[in-house]
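# Predicted structure and sequence below. I'll ask about it afterward.
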Amino acid sequence: MATAAVIAASCGLVGTLLVVRRMSLVGDAISHAVLPGIAVAVLAGGRAGGPLVFLGAVAAALLTVWLTQGLRSAGGLSEDAGAGVVFTTLFAAGVLLVGLAPPGTHLDAACVLHGELAFLPFDTVPLAGWQVPRAFVAGAIVLAGLAIAAAGTWKLQVFTAFDPAGARAAGIPVGGVTIGLLAATALATVASFDAVGAVLVVALLVAPAAAAELLTRRLHRMALLAMGIGALAACVGYLAAWQFHTSASGMIAVVLGLVYAAAAVFAPDEGLLARFVARLRLAWRVAREDRLATVWRAEEAGDPAAARPRTPQESLVVRWLELSGQLAREGSSWRLSPAGRREAENIVRSHRLWEAWLGRHADLPLDHLHPPAEWVEHHLGAAMRERLEADMDARAADPHGREIPPEA
Amino acid sequence: MTAAAELVSHNTLVVALGVGAVGFAAGVVGSLCVLRKRALAGDAAAHATLVGVACAFLATGRRDLVTLLAGALLAACAGLGVLVLVRRFTRTRDDAATALVIGVSFGLGITLVSGLPAWGFANSAGLEQFLLGHTAALTSRDAWLLGGVAVVAVAVVAAVLKEATLVAFDAAFAAATGWPVTAIDYVIVGLVALMVVAGLPAVGAVLVTALVVIPPVAARFWTDRVGTLVVLAGLIGLAAAVAGVAVSAARPGLATGPLVVLAAAAVFACSFLAAPQRGWIARRADAPRAPAAGWNSGAAEGGP
């Protein structure tokens, strides 16, 4: 479990940069393509989790990227088509190589696809008197290395991610920074390989970062959050898999999917729920303000019948306004309280000022002035009204000849 | 040689033909998909199919190909649906959304497939075949089914080829002249999902994208005409599929999927190097520093 958490944290860190650079699918391609590198290294006598395997994997990752770029520049292929050709081919070669590997080399096809956390505790190294799983040691070293590298080159990575042209102009070796990121991706992938397999690494890379991106707009916070989400999801997924007797790596990916879905729905600023609530509150405010303005206009026109609510929604709004003390019932009609009157006058004032301003500057026919003003009246503040009035050289009437009430 | 005897056995032959038909149809459908620059949309659908296979087995308790593939098709469409929802309702960008669907849906599939034995479905062994493809277990009835799906897919492509070409080369013009661009896009993506599912038994969920992407990309080096491209891609897909099935029948230990993909990749490599005009060697000889023409450029038919 600690192994999974350590791995997931490294993937979250790398994944953050991949996601903001729109390179998620490169991550996907690399996670598939490291397989032949690992297979060759193992066939050449390396052991899983050993330095030779890391080297092979990084080489395979760079080969993938180089081939994809080469196909694009020399073959005119679009990037996704090129990647689609390269990583499937390399992965196929890797699967066949694994099939050729002699038995007992700690590689088999199923393990390659979805890893096997359950076997890790049996492959241990002694460390400070404890038997520690080898994959945990490798994962911890990779995490530490990546964290140090990220801390050291963070500014370079950020500059390159958000403004590659500017970074190049400033003399930053953009290609080198990108290759560093790709190598980091390969490292994180290889460290994860034993535990979660080739295909599921992409979930560890992308899902925490994508979820974190929905929760914050600051990159360093996003990276920390992604690491935390990854580690937490790894622990929860591991326990859930143990509970349900199924694959831990698959379960971790499922938990990550749930975390992302939760982030999409409940994120404080841009979650579906938050946006829905904000929309609802806006609609409610517009309805209240429209109601107050209607009552005010009915009063102005001397026609109390016009203030009567016509639909159930309007009745509901009137009820609310009565309870909040802005309207008072008077026989079959309604009267504005002082507070309600102030608000209504500001709304009507906004409306008429906007009509007047539009009529003066936008050269619209008279009957086209009302609809935009009906929208804008809810969004003009006192300062804006002041400026509009100043621009109008203090005319006291709107284009329809009605008085613009003074600021309340 | 037992291998040779098995190679010509009736069942193998029919399976090879059925899978070959799927290869042909995948190449044909893939041409539209790659022209429309949707090469990796199929990958999301492909990884989602595993969930469908497992759920179909859970729901019906049967493991015949029709049931499992029907489940896979539903799951592929669901995966693409989630992709559309994520794009529409969140800030997550296209690439991250695709990778997310790939990783999470595959994880769910693995969770289900690994969990089945422990949950009391002892006869669930064999579902893992859908990971990397294994044609040895296919019967000739399954092969007829696959062939039928392939024929339907090719017929649909033949029907919408003109419209799809127009949309691929100039979507804005197509929309301006009143073509239902979104509907045509959905038809293309739906066909891709169908081919991914049909390719599943032979190539497996992880690699089936290759069957859709590599043949058209290889064929593009030989021709500038869409009609020729479609047929050529189909033939390359057919050849790769048959070659993969044949080798896998001769060496039962090897999964079919990687073999099919490597066969297609070999054709791609030859095309990339040796094709006249667009091939690397020809262009080296012609004009050493000429930049490569883009995919949708050149004298291709239907271009603006």
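Everything's here; your move.
# how about low-confidence regions in the stretch 51-200 of chain B?
B:121-126, B:136 (pLDDT under 70).
# So out of everything in it, what residue is nearest chain A?
Distance from chain A to each residue of the stretch 51-200 of chain B (Cβ to the nearest Cβ) is smallest for B:Gly107, at 2.2 Å. Every residue, glycine included, has its C-beta placed from N, CA and C.
# where's that residue, which helix or strand?
helix B:94-118 (DSSP states H and E).
# Buried ones in that helix, by neighbour count?
Residues of helix B:94-118 classed as buried by neighbour count (16 or more other Cβ atoms under 10 Å in any protein chain shown): B:95-116.
# again, but for stretch A:269-288
Result for stretch A:269-288 [16+ other Cβ under 10 Å]: buried residues A:270-271, A:288.
# where along the stretch 251-400 of chain A do the strands fall?
Using DSSP state E, counting those that start in this stretch, the strands of the stretch 251-400 of chain A run over A:327-330, A:333-336.
# still on that earlier bit, excluding its backbone neighbours, what's nearest the residue of the stretch 51-200 of chain B closest to chain A?
Leaving aside its chain neighbours, B:Gly107 sits nearest to A:Ala253 (2.2 Å; criterion: Cβ to Cβ, 6 or more residues apart in numbering or on different chains).
# ok, the one you found touching A:Val199?
No - between A:Ala253 and A:Val199 there is no contact under Cβ atoms under 8 Å: 9.1 Å.
# Quick one: residues contacting the residue in chain A that chain B sits nearest to.
Closest to chain B within chain A is A:Ala253: 2.2 Å, counting by Cβ to the nearest Cβ. By Cβ atoms under 8 Å, 6 or more residues apart in numbering or on different chains, the contact set of A:Ala253 is A:196, A:200, A:203-204, A:207, A:237, B:103-104, B:106-108, B:110-111.
# Show the contacting residues for B:Ala219.
Contacts of B:Ala219 (Cβ under 8 Å, 6+ apart): B:27, B:31, B:228-229, B:232-233, B:236, B:271.
# Against B:Val231, how distant is it?
Here the distance between B:Ala219 and B:Val231 works out to 8 Å (Cβ to Cβ, to the nearest Å).
# Using the three-state scheme, assign the residue nearest the centre of chain B.
Most central in chain B under Cα atoms, centre = their mean is B:Val212, positioned 3.3 Å from the mean C-alpha point. Recorded secondary structure, B:Val212: helix (DSSP: H, G, I helix; E, B strand; the rest coil).
# Tell me the helices and strands packed up against the top helix by length along chain B.
If you go by DSSP state H, chain B has its longest helix at helix B:140-169. In terms of contacts (3 or more Cβ pairs under 8 Å, 6 or more residues apart in numbering or on different chains; DSSP states H and E), helix B:140-169 is packed against helix B:10-35, helix B:65-89, helix B:171-176, helix B:181-203, helix B:226-250.
# ok, is the first one in contact with chain A or not?
Yes - with Cβ under 8 Å from any Cβ of the partner chain as the measure, helix B:10-35 is seen reaching chain A through B:Val34.
# residues in contact with residue 256?
The chain I'm using is chain A. So A:Leu256 contacts A:203-204, A:207-208, A:211, A:229-230, A:233, A:237, B:103-104, B:107 (Cβ under 8 Å, 6+ apart).
# I was after chain B.
If you count contacts by Cβ under 8 Å, 6+ apart, B:Thr256 has them with B:19, B:132-136, B:202-204, B:244-245, B:248.
# Looking at those, spot the one nearest B:Ala39.
Closest approach between these and B:Ala39, by Cβ to Cβ: B:Val203, at 16.0 Å.
# what's the closest non-adjacent residue to B:Ser31?
In space, B:Ser31 is closest to B:Pro216, 4.1 Å off (Cβ to Cβ, 6+ apart).
# Correct me if wrong: the one you found contacts B:Thr228.
No - B:Pro216 is not in contact with B:Thr228 according to Cβ under 8 Å; the separation is 11.5 Å.
# which one of the two has more residues nearby?
Counted by other Cβ atoms under 10 Å in any protein chain shown, B:Pro216 and B:Thr228 do not tie: B:Pro216 has more neighbours, with 28 against 14.
# now the angle between helix B:181-203 and the helix or strand harbouring that one, please.
Element membership for B:Pro216 (DSSP H and E) is helix B:208-219. Put simply, helix B:208-219 runs at 110 degrees to helix B:181-203, going by axes from the mean of the first three to the mean of the last three Cα atoms, to 10 degrees.
# State the mean pLDDT of helix B:208-219.
For helix B:208-219, mean pLDDT is 89.
# Show me the helices in the stretch 1-150 of chain A, by range?
A:2-20, A:24-43, A:51-75, A:79-100, A:109-114, A:134-162 (DSSP state H, counting those that start in this stretch).
# For B:Leu146, find the nearest of those.
Closest approach to B:Leu146 among the helices of the stretch 1-150 of chain A (Cβ to Cβ): helix A:79-100, 20.4 Å.
# So which elements touch that closest one?
Helix A:79-100 is packed against helix A:24-43, helix A:51-75, helix A:109-114, helix B:208-219, helix B:256-274, with contacts defined by 3+ Cβ pairs under 8 Å, 6+ apart.
# Check those for me and report the most buried one.
Of all the helices and strands packed on helix A:79-100, helix B:208-219 has the most neighbours on average by mean count of other Cβ atoms under 10 Å in any protein chain shown, namely a mean of 31.
# Could I have the CA atoms of that helix written out in CSV?
Extracted C-alpha coordinates of helix B:208-219, given in CSV (Å, rounded to 0.1, in the frame of the first residue of the first chain):
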residue,chain,number,x,y,z
VAL,B,208,-7.2,-2.9,-31.4
THR,B,209,-6.7,0.9,-32.1
ALA,B,210,-3.8,-0.2,-34.2
LEU,B,211,-6.1,-2.0,-36.5
VAL,B,212,-8.0,1.2,-37.2
VAL,B,213,-5.0,3.6,-37.3
ILE,B,214,-2.1,1.8,-39.0
PRO,B,215,-3.6,0.6,-42.3
PRO,B,216,-4.9,3.9,-43.4
VAL,B,217,-1.7,5.7,-42.4
ALA,B,218,0.3,3.2,-44.4
ALA,B,219,-2.0,3.4,-47.4
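# Quick check: B:Thr49 touching B:Gly199?
No - look at B:Thr49 against B:Gly199 with Cβ under 8 Å: they stay out of range, at 9.6 Å.
# Show me which of these two is the more surrounded one.
Set B:Thr49 next to B:Gly199 and count neighbours by other Cβ under 10 Å: B:Gly199 wins out with 33 against 30.
# for chain A, what are the low-confidence residue spans?
Ranges of chain A meeting pLDDT under 70: A:45-50, A:101-135, A:194, A:393-396.
# Skipping adjacent residues, who's closest to residue 191 in space?
Let's take chain A. Nearest one to A:Ala191, counting by Cβ to Cβ, 6+ apart, is A:Val142 at 4.1 Å.
# wait, I meant chain B there
That would be B:Val29: by Cβ to Cβ, 6+ apart, it lies 4.6 Å from B:Leu191.
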